[in-house]
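S.K.: Give me a 3D structure for the following:
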Amino acid sequence: MNHILLLEDDQSLIDGLLYTLERHGFSADAARTVEEAMAFLHNPRRPYDLLLLDVTLPDGTGFDVCSRVRSGQNHVPIIFLTASDEEVHIIRGLDSGGDDYITKPFKLGELLSRIRALLRRAGLASLPEDPVFSCGDLSIDYAGNRISLNGRPLDLTAAEYRLLCLLARNGGQTVSRSRILETLWDSSGNFVDDNTLSVYIRRLREKVEEDPSRPVRLVTVRGFGYRWNEVQP
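M.R.: Prediction:
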């Protein structure tokens, strides 16, 4: 049984989500403040498989919790529950280390599908035979969940890490937008739009390109998707 932590200050929404999660085979704890959430997370006897974080809370934000979790090298899947789908909120959520977001009001079926998709990816993740993969000046340490460019560690969110791994493992080949969506989010690709993927690509280019406006590593193949070009050190 997967264990989920819900951080939300709306009691009626808490009640509904806890009922739905438990009815569909999950166990869940609920926190109403950042302080309560961190207390749950600091209990080593209650590890969580996924976090559902509301953005606006009485004593802070879900972004704060996400940043603190990621600073401890914890790659637990994180979904933000947000009242806004503006790009600035998407970017802040991704920058803090979030994997996905869903805008209120949302359909419970969609939320459950996103939860299952994230857990499926996390549960099926396996290491290749060689724990270190190199593609030109890019080096991926799968065991340590780290990527370096020219020997310099990259500061990546969990989603950026998965995206870069996907592109690098297919270096020199075009990876379609639909395949990226299917791989990174949900098997049907229905729950993340092109705008969100474009945000990921833009933010990733800012970390791997000398001139993000003229990319040489992460290039767009118009009408198809993206390609990672191997650049020799």
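S.K.: Centre-most residue in this structure?
M.R.: residue 99 (1.8 Å; CA atoms, centre = their mean).
S.K.: Next one, pLDDT for it please.
M.R.: Residue 99 carries a pLDDT score of 86 in this model.
S.K.: Could you pull up the residues touching it?
M.R.: The contact partners of residue 99, by CB atoms under 8 Å, 6 or more residues apart in numbering, come to 77, 78, 79, 118, 158, 159. In this view, the C-beta of every residue, glycine as well, is placed from N, C-alpha and C.
S.K.: Tell me the spacing between residue 198 and residue 114.
M.R.: From residue 198 across to residue 114, the span is 19 Å (CB to CB, to the nearest Å).
S.K.: Tell me which of the two has more neighbours.
M.R.: residue 114 (24 against 13; other CB atoms under 10 Å).
S.K.: can you tell me which helix or strand that one belongs to?
M.R.: Using DSSP states H and E, residue 114 sits within helix 108-124.
S.K.: tell me the mean pLDDT for that helix?
M.R.: Helix 108-124 comes out at a mean pLDDT of 77.
S.K.: I'd like to check what contacts the host helix or strand of residue 159. Which residues are they?
M.R.: Taking DSSP H and E as the definition, one finds residue 159 inside helix 158-169. Helix 158-169 has contacts (CB under 8 Å, 6+ apart) with 70, 75, 77-78, 94, 97-100, 121, 133, 135, 138, 140, 142, 145, 147, 154, 156, 175, 180, 183-184, 200-201, 203-204, 207-208, 218, 226-228.
S.K.: buried stuff in stretch 95-113?
M.R.: Under the neighbour-count criterion of 16 or more other CB atoms under 10 Å, stretch 95-113 has 95, 96, 97, 98, 99, 100, 101, 102, 111, 112, 113 buried.
S.K.: What distance do you get for the fifth one to residue 200?
M.R.: Translated: residue 99. 11 Å.
S.K.: what's the answer for the last one, then?
M.R.: Taken as CB to CB, the spacing of residue 113 relative to residue 200 amounts to 20 Å.
S.K.: Any buried residues in stretch 15-28, and which?
M.R.: Quick answer for stretch 15-28 (16+ other CB under 10 Å): 17, 18, 21, 26, 28.
S.K.: which element is the third one on?
M.R.: Right, residue 21. helix 11-23.
S.K.: Could you list the residues in contact with that helix?
M.R.: Counting by CB under 8 Å, 6+ apart, residues outside helix 11-23 touching it are 4, 6, 8, 27, 28, 30, 32, 52, 108, 111, 112.
S.K.: Would you map the helices across this structure?
M.R.: Using DSSP state H, the helices found in the chain span residues 11-23, 34-41, 62-71, 87-95, 108-124, 158-169, 177-184, 194-208.
S.K.: Output the second one as CSV, nothing but the C-alphas.
M.R.: This points to helix 34-41. Written as CSV, here are the backbone C-alpha positions of helix 34-41 (Å, rounded to 0.1, in the frame of the first residue of the first chain):
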residue,chain,number,x,y,z
VAL,A,34,4.0,23.6,6.8
GLU,A,35,5.1,22.9,10.4
GLU,A,36,2.8,19.8,10.7
ALA,A,37,3.9,18.6,7.3
MET,A,38,7.6,18.8,8.3
ALA,A,39,6.9,17.0,11.5
PHE,A,40,5.4,14.1,9.5
LEU,A,41,8.3,14.1,7.1
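S.K.: buried stuff in it?
M.R.: For helix 34-41, the neighbour count (16+ other CB under 10 Å) marks 34, 36, 37, 38, 40, 41 as buried.
S.K.: for the protein, which spans come out with low pLDDT?
M.R.: Scanning the chain for pLDDT under 70 picks out the ranges 85-86, 122-130, 183-194.
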